[in-house]
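Q: Got a predicted structure plus its sequence, pasted below:
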There are 2 protein chains.
Amino acid sequence: MGEFDLIKRFFTRDPALTPQPATVALGIGDDCAVLSPTPGAQWLISTDMLVEGRHFLSTVAPDRLGHKALAVNLSDLAACGATPRAFTLALALPRADELFLEGFARGLFALADAHGIALVGGDTTAGPLNICITVMGEAPAGAALLRSGAQPGDDLYVSGTLGDARLALEAFRGTVQLSGEDFETARRAMEQPQPRVALGQALRGVATSAIDVSDGFAGDLGHVLKRSKLGATVQADALPRGPALLKQPLALQRLCTLAGGDDYELIFSAPASAREAVQSASAASGTPVTRVGQLDAEPGLRLIDAQGQVLPELPAGFDHFKASA
Amino acid sequence: MGEFDLIKRFFTRDPALTPQPATVALGIGDDCAVLSPTPGAQWLISTDMLVEGRHFLSTVAPDRLGHKALAVNLSDLAACGATPRAFTLALALPRADELFLEGFARGLFALADAHGIALVGGDTTAGPLNICITVMGEAPAGAALLRSGAQPGDDLYVSGTLGDARLALEAFRGTVQLSGEDFETARRAMEQPQPRVALGQALRGVATSAIDVSDGFAGDLGHVLKRSKLGATVQADALPRGPALLKQPLALQRLCTLAGGDDYELIFSAPASAREAVQSASAASGTPVTRVGQLDAEPGLRLIDAQGQVLPELPAGFDHFKASA
């Protein structure tokens, strides 16, 4: 099967069944897609590349991989409070594997449809498996949430729960034993993260800064602190975690929540005066949020336990050239 | 050296030395880039993935590879008549090779600066060498050149010369012998194509359709014919070729110009009444163009020789899952 047949078969969709956002004037099929920006909006752009053994395991089901490849990109739009509009997909495949492509496309488009984002361009080539997606979203001019806006004294929040993706990785590595149910829960968190797009949009005008957790809470919070030129005090054991992780020893809980990575939850800051607005955003988006600490003028990240004792330093954020997934 | 250090060292630039387009409100460094569209403009988007052995040979110098990775993407913007604005780069590397990255970034940014396009987002990961670039450009609403606009009776043109990239590939394969000078000329065409961005913009309002030659003249023209629901008659030996290729047997000249690929010239159509306007666009952009045939209402591609005799069918356009590079 030739490249063009492949693209057509799995990535062309019936426009009648999949209405595109009004911003998409021309989708896939020409040298470029043509997008018509909403007047007064800014465009938000992000790109992520996924490689086997690094961002996903060879054991992942194709539909979950299709989901995850788009989810990690949507998570970047969520962190900026953007409304998803369009994405491109470039795919290198060792061979034209129809079963893989069918599942991959199914998982990808299910998530795309759930967020109203249209595939507008693509490239397919033979080569070692590699998935590169670029997403485009919109936000009213000046309304995008950035890493740089946090203020001293702001509350620090995190959405959902942290650590299950790392817990699943440890189970795959054989360093922990999980019950069948716990393993499935953790594995789903790793393979099918839910980008917090609705929460990000609800936090426009409420949060002062935001970032998504891809490399681990401590490392990603570090980016906010650096950009905002601040420090933070975080109650390590207040970081939200699910039932599977709660059964594990405290040291593993802390490792997974603080330095696990692959969570795709949002870390965000907001002034204490906005606590009600934060709760409203949480309720409106159906996304639980937890207050875990506060921003300080003094640089550095201080982790404290429930008794207020400072914890020793924890592993650095996941680094693609230092750590292995 | 960690991932973040790498990115910072080679892909962060001094804003004072590299002014960004007014459309770039926030460049690299947050979860998303923020772009401010020009009022009344549409955005044009394209993505390309390059894999070793498929889109470039392992012998290519890193700076030429950096150039080519962006050039093939700019060529898609050129084919639509867009003004380049911003691009993202995702890079998988087997290891953090500083010599490679220095050269790659140098070639990439030299071409980016020449076209006023800014790097606004990126991703770096360990993995088999893979380069994925997504480009964004602008054009006045409704002015983009598309594959679908050609009309019966339109003249058919091609820019520059065709076939040198394929000639270089044949020399690397050992099927032809070239003088040192001819080899360097052909190799440069393969490794450092010049995207016809200025010509594309000059053809807005003049050309009725356009496409860039990536898979080969015959195959890419086929996309225009299919989209425009037309046929074409092309004088095969009128296809422009350079001095190195002109020394080769006619059969090889025809193979390289008709089915070579990797040329990144523009094929475009325009009504006979626009011949002067086409010449003006050519002159204004400093890009030679050659009239090579015409569009017909009758479907199919008819290749004729200088005597008007119809040629037998030629090899199909390069297909990534059929042919090998």
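A: The structure has been received and is ready for your questions. Residues are numbered from 1 along each chain as shown, chains lettered A, B, ... in the order given.
Q: thought A:Gly121 was touching B:Leu44?
A: No. Using CB atoms under 8 Å, A:Gly121 makes no contact with B:Leu44, being 9.7 Å away. For glycine as for every other residue, the C-beta is placed from the backbone atoms N, C-alpha and C.
Q: Give the residues shared as contacts by the two.
A: The overlap between the contact sets of A:Gly121 and B:Leu44 (CB atoms under 8 Å, 6 or more residues apart in numbering or on different chains) consists of A:Cys32, A:Ala33.
Q: These two - which one has more neighbours?
A: The neighbour comparison of A:Gly121 against B:Leu44 (other CB atoms under 10 Å in any protein chain shown) goes to B:Leu44, with 30 against 25.
Q: what are the bridge partners for the more buried one, then?
A: Note on B:Leu44: beta-bridge partners by DSSP bridges are A:Val34, B:Gly137.
Q: mind listing what it touches?
A: A:Cys32, A:Ala33, A:Val34, A:Leu35, B:Leu77, B:Cys80, B:Ala82, B:Met136, B:Gly137, B:Glu138, B:Ala139, B:Ala144.
Q: Verify the stated contact: the last one with B:Cys80.
A: Yes. Under the criterion of CB under 8 Å, B:Ala144 lies in contact with B:Cys80, with a separation of 4.7 Å.
Q: joint contacts of these two?
A: A:Cys32, A:Val34, B:Leu44.
Q: contacting residues around the second one?
A: Same thing as A:Val34. A:Val24, A:Ala25, A:Leu26, B:Gln42, B:Trp43, B:Leu44, B:Cys80, B:Ala144.
Q: Just the CA atoms of stretch A:161-178, as PDB, please.
A: C-alpha atoms of stretch A:161-178 as PDB (Å, rounded to 0.1, in the frame of the first residue of the first chain):
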ATOM      1  CA  THR A 161      -4.000  13.300  41.000                       C
ATOM      2  CA  LEU A 162      -0.300  12.800  40.400                       C
ATOM      3  CA  GLY A 163       2.000   9.800  40.300                       C
ATOM      4  CA  ASP A 164      -0.100   7.000  38.800                       C
ATOM      5  CA  ALA A 165       1.800   7.100  35.500                       C
ATOM      6  CA  ARG A 166       5.100   6.600  37.300                       C
ATOM      7  CA  LEU A 167       3.600   3.900  39.400                       C
ATOM      8  CA  ALA A 168       2.600   2.000  36.300                       C
ATOM      9  CA  LEU A 169       6.200   2.400  34.900                       C
ATOM     10  CA  GLU A 170       7.600   1.000  38.100                       C
ATOM     11  CA  ALA A 171       5.200  -2.000  37.800                       C
ATOM     12  CA  PHE A 172       6.300  -2.600  34.200                       C
ATOM     13  CA  ARG A 173       9.900  -2.400  35.500                       C
ATOM     14  CA  GLY A 174       9.000  -5.000  38.200                       C
ATOM     15  CA  THR A 175      10.100  -2.800  41.100                       C
ATOM     16  CA  VAL A 176       6.500  -2.800  42.600                       C
ATOM     17  CA  GLN A 177       3.700  -5.400  42.500                       C
ATOM     18  CA  LEU A 178       0.200  -4.200  42.000                       C
END
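Q: what does that stretch contact?
A: Outside stretch A:161-178, the residues that reach it (CB under 8 Å, 6+ apart) are A:57, A:59, A:183, A:185-187, A:189-191, A:193, A:213, A:217, A:239-242, A:244-245, A:248, A:252-253, A:255-257, A:259-263, A:265, A:325.
Q: again with stretch A:217-226
A: A:147, A:150, A:156, A:158, A:162, A:209, A:211-214, A:230-232, A:234, A:239, A:257-261, A:263, A:267, A:269, A:295, A:299-301, A:303, A:314-319.
Q: how about that stretch: buried residues?
A: A:Phe217, A:Ala218, A:Gly219, A:Asp220, A:Leu221, A:Gly222, A:His223, A:Val224, A:Leu225 (16 or more other CB atoms under 10 Å in any protein chain shown).
Q: before we move on, what about stretch A:201-219?
A: A:201-204, A:206-219.
Q: Next step: those residues restricted to helices.
A: When DSSP state H defines the helices, the subset of the buried residues of stretch A:201-219 inside them is A:Gln201, A:Ala202, A:Phe217, A:Ala218, A:Gly219.
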